[in-house]
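[1] Predicted model, plus sequence, below.
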Amino acid sequence: MENPNTYYSLGGVYLQIGNISQKLRKQLQNHFIIGLVPFGGLGIVTADHPQGNDIAGILRHNAKYGCRSCYAAKEDLTNISFDTILNSRYHQITNLQFKEIQELNSNNARIQRSTELGLRGPGPLDPYIHDRHLHIPQDPYHAVAGKVARFLECTCSILTSQEESSIIQYWKAFGTPKKWVRLPNPIKHRHSFMMSDVLRLSMILPFILKRCLHSGTIKSEYLTATKERLSLSHQNNVIKKLVKTWALVAKASKEIFSTIILQPEYYDNLSQTLNNEHHALLEMFPTSFGNLPNLHINRHLVDHARNYGTCTNMSVGIKEMVHRIFKGIVPHTNKHNLELILLQQINTFQTLRYLANGGLDDQGQHSTIFANIIADPKLKNLLSGWYIKNHNLSIHSNEEESLDNDADNVENSDNTSLITNMTLIRCSDIYLRSKWCLQDIEAAGFISPNLHKNGLLGEIMQVYSSYYSMDQALLSTHIHFYNSASYTIKKDGDYQKIEVHIGDVVEIALVENESGFASVDAIIKHRGNDEQDYVFYIYHLV
């Protein structure tokens, strides 16, 4: 999907630390490692199909035996009856095979035997890897994205020009989560898709195709051939199977990248979902998916998930984001000393973090100058995060917030709010962004920035009483409306960032331990009688 040479030329080593919590892992994602001195041993090494085979000492996937996890021949890659467990590769057996090859007398004999076993010789990390087959699993991120990209290409190849225009129209009108980046045109620009774009498109394309596909939008030769091959009664059944296949692909992708296992039968369900996807893809496009290595990897993902908890634990999504950052740096590095530039960046960043955390140089004179500087609320908030965010950061002090709340004009230019007092809520780092002006408030169906005039006074007082045990009349009825809110919660020992926008559909708790879905109509901030700010959602059930 992407050209690896652009960041390999930088000479850097990118590591994804997998044996620490998500919070600590975020702290490392912007650290560029210049040098690596291996010691001890390596745990899991995740790489794309050809590079992973090189590290494991296996021939690449176009060889007769090109799977680093089993002995599946090239013609058996998508044979569902092939027993991948019985024919698995094992570290100790591969060691004996390497020894057998080295003991052969002639070079031709060694090459022939290596071809028969699908081996190329020990990889560069072999001395540090405890088990070359168990600890170099297949990469779900590349495998799934490559498989979906091929399915997208096959689907576009059977569409008429009329249907391509129809899909583009539905795609433009289809609502997507606001946190997603803008997807490129799925028809005209599909060849330039990032892997993350392909995976996002797979989530929405089943709904788009269900709305716009009919017999006149698919090439007649494909409809006729597929109808006869699958013994279907009508050409419309071919369209239904195509839409169902896209739904199975989306479901399989979602299950593969699940981060939380809620049911003990998760692995059995994952296996069944992948098998259903396997059969559906081979039915719809047997020529394109027959003996496809990416489809064969489905057979191993369940075992990998059992070994490492989930497939996400061995994926390389963070590495791909670093890849994207470095691709943007490469065109601007001509005639530059890359090692010096990167060292300057990381040293500056580490120094700021060290000083912000109160670190001092024992060899120098103790000074409070820097401590006084970082006491400024704006700079302190700026240095409180470990990793880069993808939005413009606006910092406002408590004094600015107080002035903002005392103002009666809702068209104040300050459109971002930071809630700093967390005494009565179970979350932190609450940010409110894009404050509404009076025109925005009226356009959303409200009257003014006043609880009483909007008919919200009774509901807000009830919430104060139920959740905060505040049973008194409100001293202020003035409120502020915002377009989005973000906050951090601690769940199961890990920190998760939540971001909610107006119009988002969220899951809420109902009575009797039941849950439902609601659409967010408004996000408001009110200053309580204790001079603290409180945030409320206004929503309706959907």
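    That came through fine.

[2] residues contacting L270?
    Applying CB atoms under 8 Å, 6 or more residues apart in numbering, we find L270 in contact with E255, I256, L301, V302, A305. C-beta: built from backbone N, CA, C; applies to glycine.

[3] if you skip the residues just before and after it, what's nearest to the second one?
    This means I256. Leaving aside its chain neighbours, I256 sits nearest to C311 (4.9 Å; criterion: CB to CB, 6 or more residues apart in numbering).

[4] returning to what we had before: okay, the contacts of L270 in a markdown table with distance to F481 next?
    Below are the contacts of L270 laid out as a markdown table (distance: CB to CB, whole Å):
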| residue | distance to F481 |
| --- | --- |
| E255 | 39 |
| I256 | 40 |
| L301 | 46 |
| V302 | 48 |
| A305 | 44 |
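
[5] Sort out which one of those residues lies nearest G503 for me.
    For the contacts of L270, the closest approach to G503 (CB to CB) belongs to E255, at 27.6 Å.

[6] Who are the contact partners of K188?
    Residues in contact with K188 (CB under 8 Å, 6+ apart) are I168.

[7] Torsion angles phi and psi at it?
    Backbone torsions for K188, taken as degrees, to the nearest 10, come to phi -80, psi -30.

[8] returning to what we had before: count the neighbours of the residue nearest to I256 for me.
    By other CB atoms under 10 Å, the residues close to C311 number 24.

[9] pull the longest helix from this protein.
    Longest helix of the chain, by residue count under DSSP state H: helix 235-256.

[10] Now do the buried residues in whatever helix or strand comes next after that helix.
    Using DSSP states H and E, the helix or strand that follows helix 235-256 in sequence is helix 266-284. Residues of helix 266-284 classed as buried: Y266, L270, S271, T273, L274, N276, E277, H278, A280, L281, L282, M284 (neighbour count, 16 or more other CB atoms under 10 Å).

[11] for the helix or strand that helix 266-284 is followed by, what is the average pLDDT?
    Per DSSP H and E, the first helix or strand lying C-terminal to helix 266-284 is helix 286-289. Across helix 286-289, the average pLDDT comes to 94.

[12] Using PDB, write out the CA atom coordinates for the helix or strand that comes right after helix 286-289.
    As assigned by DSSP H and E, the chain's next helix or strand after helix 286-289 is helix 293-296. C-alpha atoms of helix 293-296 as PDB (Å, rounded to 0.1, in the frame of the first residue of the first chain):
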ATOM      1  CA  PRO A 293      -1.600 -15.000   1.100                       C
ATOM      2  CA  ASN A 294      -3.600 -12.300   2.900                       C
ATOM      3  CA  LEU A 295      -6.700 -14.600   2.900                       C
ATOM      4  CA  HIS A 296      -4.600 -17.500   4.200                       C
END
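
[13] Now do helix 293-296: everything it contacts.
    49, 61, 66-67, 72, 77-78, 143-144, 146-147, 150, 278, 281-282, 289.

[14] Measure how far the direction of the longest helix of the chain deviates from that of helix 266-284, in degrees.
    150 degrees (axes from the mean of the first three to the mean of the last three CA atoms, to 10 degrees).

[15] buried sites along helix 235-256?
    235, 238-239, 241-243, 245-253, 255-256.

[16] ok, now stretch 441-461?
    Neighbour counts using 16+ other CB under 10 Å place I441, F446, P449, L451, N454, L456, I460, M461 of stretch 441-461 among the buried residues.
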